[in-house]
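>>> give me the fold of what follows.
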Amino acid sequence: MLLAAASLLTAGGCAGRPELPILEQTGSRTAAQTASRLEALLPADVLLVGEQHDAPAHHELEQQIISSLATRGLLAAVALEMAEVGASTAQLKPSSTDEQARRALKWDDKAWPWTAYGPAVMTAVRAGVPVLGANLPRAQMPASMNDSKLDAQLPGPALKAQQQGIRIGHCNLLPESQIQPMTRIQIAKDITMADTVHQLLLPGKTVVLLAGNGHVDRRLGVPQHLRADVTAKALQLRAGDASGTDGADAFDSVWATPALPDTDYCAGLKAQLPSTAK
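Residues are numbered from 1 along each chain as shown. A predicted model of the protein is given here:
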């Protein structure tokens with residue numbers, strides 16, 4: 001009877017314990033290379049990883065970066081441009097499913113294919129590390145477009161560069177009257193991501209932010225809004241020849257990946273904005 005009771009107590013104790021992390025280690029040569037290259041960017045309170053959204057190699061590198069930090073116990077959290085502030089996997093267990101993670105993050109699969117981002121997200125979830133949305137909620141965008149205070153959040157030259165980036169990024173199809181409001185949204189997104197990162201900082205560990213390259217640009221993006229006491233490293237994942245990248249002041253490191261097939265992004269935008277196409 002005593003043995004049976006002891007067994008029940010032991011079983012009950014195990015059932016109440018938190019799940020152990022599930023650390024995913026990959027033995028591939030590319031994963032080992034990623035871990036080695038990552039060393040040059042550490043230590044850092046924040047690692048800002050800039051991607052080209054449609055580059056499969058970038059998603060693979062992001063998963064490897066998260067895996068490398070998690071297996072070494074250095075990953076504080078993962079913040080995502082791809083989900084809005086307020087969404088979080090913090091309540092999930094390491095054994096949680098992809099579908100549970102998608103629901104927790106209120107994932108928009110049309111905008112951000114889960115097949116591309118799921119592996120990186122689930123590597124963190126299985127390691128017991130929270131993944132959080134960091135982007136400006138869509139409901140707040142109209143207010144941001146009309147918030148003139150956002151114009152003062154960047155130095156004058158950076159603000160003009162950001163405005164020009166909006167023009168070029170939209171293939172010069174936007175009416176000039178939309179440039180300032182769209183730039184304000186971009187700045188508001190960067191501030192929201194920076195605020196999210198601040199909330200996730202842990203001594204001796206690294207927060208990873210996954211976002212588009214423009215958001216991690218030191219001159220214009222999230223780094224402009226981080227506190228001075230935060231050590232942040234900006235990594236650009238670049239599809240194609242890295243020799244043509246922006247100046248050294250934009251990123252701390254640039255990792256080149258294979259070039260993508262030529263795509264006429266402007267043609268797709270013209271189809272979305274027929275009234276602005278000439």
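>>> shaky segments in the stretch 1-150 of the chain?
1-17, 24-27 (pLDDT under 70).
>>> one more time with 90, if that's ok
Confidence mapping of the stretch 1-150 of the chain against pLDDT under 90 gives the ranges 1-20, 22-30.
>>> is residue 73 located within a helix, as I assumed?
No - under DSSP: H, G, I helix; E, B strand; the rest coil, residue 73 falls outside any helix and is assigned coil.
>>> once you drop chain neighbours, what's closest to it?
residue 205 (7.8 Å; CB to CB, 6 or more residues apart in numbering). (Glycine included, C-beta is placed from N, CA and C.)
>>> quick one, strands of the stretch 51-200 of the chain?
75-84, 131-135 (DSSP state E, counting those that start in this stretch).
>>> and among the ones you listed, the most buried is which?
Highest mean neighbour count of the strands of the stretch 51-200 of the chain: strand 131-135, a mean of 26 (counted as mean count of other CB atoms under 10 Å).
>>> what's that one in contact with?
By CB atoms under 8 Å, 6 or more residues apart in numbering, the residues outside strand 131-135 that reach it are 77-90, 101, 105-106, 121, 124-125, 189, 192-193, 196-197, 200, 209, 211.
>>> tilt between it and strand 75-84?
50 degrees (axes from the mean of the first three to the mean of the last three CA atoms, to 10 degrees).
>>> helices of the stretch 51-200 of the chain, start to end?
Under the criterion DSSP state H, counting those that start in this stretch, helices of the stretch 51-200 of the chain are mapped to 56-71, 98-104, 114-126, 141-145, 156-169, 179-200.
>>> looking at those helices, which is nearest to residue 35?
Taking CB to CB, helix 56-71 is the member of the helices of the stretch 51-200 of the chain nearest to residue 35, at 4.2 Å.
>>> on that earlier part again, my read is that the residue nearest to residue 73 contacts residue 70, right?
No - contact between residue 205 and residue 70 fails when scored by CB atoms under 8 Å: they sit 10.3 Å apart.
>>> helix/strand/coil for the most centrally placed residue in the chain?
Nearest to the mean C-alpha position of the chain, counting by CA atoms, centre = their mean, stands residue 210 at 1.5 Å. What three-state DSSP gives for residue 210 is strand.
>>> does the residue nearest to residue 252 when sequence neighbours are not counted have beta-bridge partners, and which?
Of all residues not flanking residue 252 in the chain, residue 233 sits nearest, at 4.6 Å (CB to CB, 6+ apart). Beta-bridge partners recorded for residue 233 (DSSP bridges): residue 47.
>>> which stretches of the stretch 151-278 of the chain have low pLDDT?
The stretch 151-278 of the chain contains residues with pLDDT under 90 at 240-249, 261-278.
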